[in-house]
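*Asks:* Okay, here's the prediction I keep looking at, along with the sequence it came from:
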Amino acid sequence: MENAKKQTIRNVAADLVCTYHTEELFVQNAGRPLPDRNEVIAIFKDIRPILFPGYYDTDTSVHILPEVYVEYRLNDIYDRLQKQIEIALYYDEGDHQKERAAQITERFISKLPELQKMLLMDVQAGFDGDPAAKSKEEIIISYPGFLAITMYRLAHELYVENVPLIPRIISEYAHARTGVDINPGATIGRFFFIDHGTGVVVGETTEIGDYVKIYQGVTLGALSTRKGQLLKGFKRHPTIHDNATIYANSTVLGGETVIGENAIVAGNTFITASIPAQTRVSTKEPELVLRQPKNKS
């Protein structure tokens, strides 16, 4: 029995190692490490207490010596993030990119005050748009939509810098935690709110204006992805103009599809053509059929 076990292990190991030497995914980037997924997620989780002090950790020094606290945390994040960006660039391009990684990291860190202001607007949008919200604090600390938006806004900054791998790691972390799938390539304006959140999908080339509100189950997607990589670089996802509202389980598809300013898309609506501004669109309500149980005599 023991000999059979050893032989099985030896045979399987030989087959796996053979694939190591022939599969392009393994051979092409041999010797180049991937970014550390756990470390990348930890870095971005560590950014949140800087943007919203007192909500995501219990370090009271932020209230006593805030400048010292923030400078210390930023210094740590800066070094760790630069290392992961350098690894990602090296893995993707094959050349050491220490200087470029440093420049990207500097620009990213410099944008944190602006991102904080954007996220505070998102908190306000959530509070204004949800009568169930007891406070803004509740939104920051507990709403899955806000977590997804936070991670999107951070990841998007690295996406526009053409950093490989890391933006998607962050967006998929948020997706797994919240059920909200926002591609880091999407462009999203100010005062954005996702109510409930579960099942929301926002595609890579989606453009969303200011004061837009969407509900659970909304898909902002592509008409077809059968051509796969041939569609790369083309606008495949819709444009949503300012103050539009899209209700639950609606689907809006296509790169040429535009939802106009102040438009309202009712729930369970399937849209593949543009909707003018100031328009309410809905599907015809299905007929309800009620049957009473037959009386037993």
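*Replies:* Yep, that arrived.

*Asks:* Would you map the strands across the stretch 151-297 of the chain?
*Replies:* 181-182, 187-188, 193-195, 201-202, 207-208, 213-215, 219-221, 239-240, 245-246, 251-253, 258-259, 264-265, 270-271, 280-281 (DSSP state E, counting those that start in this stretch).

*Asks:* Out of these, flag the one nearest residue 29.
*Replies:* strand 181-182 (26.7 Å; Cβ to Cβ). C-beta coordinates here come from the backbone N, C-alpha and C atoms, glycine included.

*Asks:* Could you list the paired strands of the closest one along with their orientation?
*Replies:* Paired strands of strand 181-182, with direction, are strand 201-202 (parallel) (DSSP bridges).

*Asks:* How many neighbouring residues does residue 91 have?
*Replies:* 16 (other Cβ atoms under 10 Å).

*Asks:* And what about the closest residue to it other than its chain neighbours, helix, strand or coil?
*Replies:* Distances taken as Cβ to Cβ, 6 or more residues apart in numbering put residue 32 closest to residue 91, at 4.6 Å, once the chain neighbours are dropped. What DSSP: H, G, I helix; E, B strand; the rest coil gives for residue 32 is coil.

*Asks:* before we move on, the earlier item: would you reformat the strands of the stretch 151-297 of the chain as TSV and include mean neighbour count, distance to residue 105 and mean pLDDT?
*Replies:* Output for the strands of the stretch 151-297 of the chain, formatted as TSV (neighbours: other Cβ atoms under 10 Å; distance: least, Cβ to Cβ, whole Å; pLDDT from 0 to 100):
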stretch	mean neighbour count	distance to residue 105	mean pLDDT
strand 181-182	24	23	98
strand 187-188	16	22	98
strand 193-195	25	29	97
strand 201-202	22	26	98
strand 207-208	20	27	98
strand 213-215	24	32	98
strand 219-221	23	31	97
strand 239-240	26	31	98
strand 245-246	24	36	98
strand 251-253	22	36	98
strand 258-259	24	36	98
strand 264-265	21	40	98
strand 270-271	14	40	96
strand 280-281	14	44	96
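
*Asks:* Please name whichever of those strands is nearest to residue 107.
*Replies:* Using Cβ to Cβ, these put strand 187-188 closest to residue 107, at 17.8 Å.

*Asks:* Run through who's touching that closest one.
*Replies:* 149, 152, 153, 156, 182, 202, 206, 207, 208, 212 (Cβ atoms under 8 Å, 6 or more residues apart in numbering).

*Asks:* Pairing partners for it, with directions?
*Replies:* Strand 187-188 has these strand partners (DSSP bridges): strand 207-208 (parallel).

*Asks:* Stretch 62-69: end-to-end distance?
*Replies:* 5 Å (Cα to Cα, to the nearest Å).

*Asks:* Can you name the element that comes right after the lengthiest helix in the chain?
*Replies:* When the chain is scanned for its longest helix (criterion: DSSP state H), the result is helix 66-93. Using DSSP states H and E, the helix or strand that follows helix 66-93 in sequence is helix 98-110.

*Asks:* shaky segments in this structure?
*Replies:* 1, 28, 225-231, 296-297 (pLDDT under 70).

*Asks:* For it, which segments count as helices?
*Replies:* 2-22, 24-27, 37-51, 61-64, 66-93, 98-110, 112-129, 136-142, 144-159, 166-178.

*Asks:* Which positions within the fourth one qualify as buried?
*Replies:* Going by neighbour count (16 or more other Cβ atoms under 10 Å), the buried part of helix 61-64 is residue 62.

*Asks:* Give me the helices and strands touching it, please.
*Replies:* Other elements packing on helix 61-64 under the criterion 3 or more Cβ pairs under 8 Å, 6 or more residues apart in numbering; DSSP states H and E are helix 66-93.

*Asks:* Could you do the first one as well?
*Replies:* Packing partners of helix 2-22 (3+ Cβ pairs under 8 Å, 6+ apart): helix 24-27.

*Asks:* Reformat the strands of the stretch 151-297 of the chain as JSON lines; add distance to residue 93.
*Replies:* Below are these laid out as JSON lines (distance: least, Cβ to Cβ, whole Å):
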{"stretch": "strand 181-182", "distance to residue 93": "26"}
{"stretch": "strand 187-188", "distance to residue 93": "25"}
{"stretch": "strand 193-195", "distance to residue 93": "35"}
{"stretch": "strand 201-202", "distance to residue 93": "28"}
{"stretch": "strand 207-208", "distance to residue 93": "29"}
{"stretch": "strand 213-215", "distance to residue 93": "36"}
{"stretch": "strand 219-221", "distance to residue 93": "30"}
{"stretch": "strand 239-240", "distance to residue 93": "32"}
{"stretch": "strand 245-246", "distance to residue 93": "39"}
{"stretch": "strand 251-253", "distance to residue 93": "34"}
{"stretch": "strand 258-259", "distance to residue 93": "36"}
{"stretch": "strand 264-265", "distance to residue 93": "42"}
{"stretch": "strand 270-271", "distance to residue 93": "40"}
{"stretch": "strand 280-281", "distance to residue 93": "45"}
